[in-house]
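In: Test case, fold it:
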Amino acid sequence: MNILIAHDEAFNFTYRANIDALRQLGEVSFFSPLRDTTFDSKLSTLHSSLSTLQSPLSTILYLPGGYPELFAEQLSANRSMRESIKAFAEQGGRIYAECGGFMYLTHDIDGLPMCDVFPFGATMKDAHLHLGYRRMTIGDNIVRGHEFHYSDIVQQKKLPDEIIVEQNQYSARGTKVPTAIYRYKNVIAGYTHWYWAENPFLFNSLL
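Out: Down below sits the predicted model:
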């Protein structure tokens, strides 16, 4: 399995322990949504062929948190990267995105086009802090993480049936919180930064 992780000035909020844990699942490599033309160019470099791309399930694309709002113009200008990620999602590719990575998968950030995997935008207008520890149950297991962001989602119309919204996260005090996880095909995204090092195989089962 190939695990491609976005890593540059816009996407750099990762736990080192998470990266080490993901190496137990497959071959980890990195790409830059700011500078690379497409994310799959990394795969062709690694394997000297595009055979791995013919089966989208053989690859997991991980878009971690960061500060995409500070680099929104550059991210938007890199149209070939945005389109490659959108096409991967539509083909059933496995994508996991959190916080800033989630924002990158939306239609736009304050009017600047992003990957448009999800048909709503993200905004920094009227920004206020969303903060707290989170936990979620996956099967018989509990995964923990935290929420830390200032942006908000701008949803102006009813979501299509293909997008599933799950609200099953709880605070450290056991209170249910409105923070959602969004699923579309084999894409899962949301604001929470999850900690996978305790059980990296939960990462794989989530997708």
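
In: Please count neighbours and contacts with C-alpha atoms only from this point.
Out: OK.

In: Show me what the lengthiest helix in the chain is packed up against.
Out: Ranked by residue count, the top helix of the chain under DSSP state H comes out as helix 79-90. Using 3 or more CA pairs under 8 Å, 6 or more residues apart in numbering; DSSP states H and E, no helix or strand is in contact with helix 79-90.

In: what pLDDT, on average, does it get?
Out: For helix 79-90, mean pLDDT rounds to 96.

In: same check, this time on stretch 193-205
Out: On average, stretch 193-205 scores 83.

In: If residue 135 is in a bridge, with which residues?
Out: residue 144, residue 170 (DSSP bridges).

In: Wait, it touches residue 173, no?
Out: No - counting by CA atoms under 8 Å, residue 173 is not a contact partner of residue 135; they are 10.0 Å apart.

In: Distance check, residue 33 against residue 156.
Out: Distance, residue 33 to residue 156, using CA to CA, to the nearest Å: 27 Å.

In: out of those two, which sits in the busier spot?
Out: Each of residue 33 and residue 156 has its neighbours counted (other CA atoms under 10 Å); residue 33 has more, 28 against 9.

In: Look up which helix or strand the spatially closest residue to residue 146 that is not a sequence neighbour falls in, please.
Out: The shortest distance from residue 146 to any non-neighbouring residue, by CA to CA, 6 or more residues apart in numbering, is to residue 133 (4.2 Å). Residue 133 belongs to strand 130-138 when assigned by DSSP states H and E.

In: Contacts for the longest helix of the chain next, please.
Out: 33, 36-40, 56, 75-76, 94-95, 114-117, 185-187 (CA atoms under 8 Å, 6 or more residues apart in numbering).

In: which residue is nearest the middle of this protein?
Out: residue 97 (0.8 Å; CA atoms, centre = their mean).

In: what helices or strands is the helix or strand hosting that residue leaning on?
Out: Secondary structure from DSSP H and E places residue 97 in strand 94-98. Judged by 3+ CA pairs under 8 Å, 6+ apart, the packing partners of strand 94-98 are strand 59-63, strand 187-190.

In: Against which helices or strands is the next helix or strand after the longest one packed?
Out: When you say that, I think you mean strand 59-63. Going down the chain from strand 59-63, the next helix or strand is helix 72-77, by DSSP H and E. Helices and strands touching helix 72-77, by 3+ CA pairs under 8 Å, 6+ apart, are strand 112-113.

In: what about residue 135 and residue 173, which has more around it?
Out: The residue with more neighbours, out of residue 135 and residue 173, is residue 135; 22 against 9, by other CA under 10 Å.

In: Identify the residues contacting that one.
Out: Counted by CA under 8 Å, 6+ apart, residue 135 has contacts 142, 143, 144, 145, 169, 170, 171, 172.

In: and it, what pLDDT?
Out: For residue 135, pLDDT reads 93.

In: Next: residue 153.
Out: For residue 153, the pLDDT comes out at 94.

In: isn't it right next to residue 122, touching?
Out: Yes - assessed by CA under 8 Å, residue 153 is found in contact with residue 122 at 4.5 Å.
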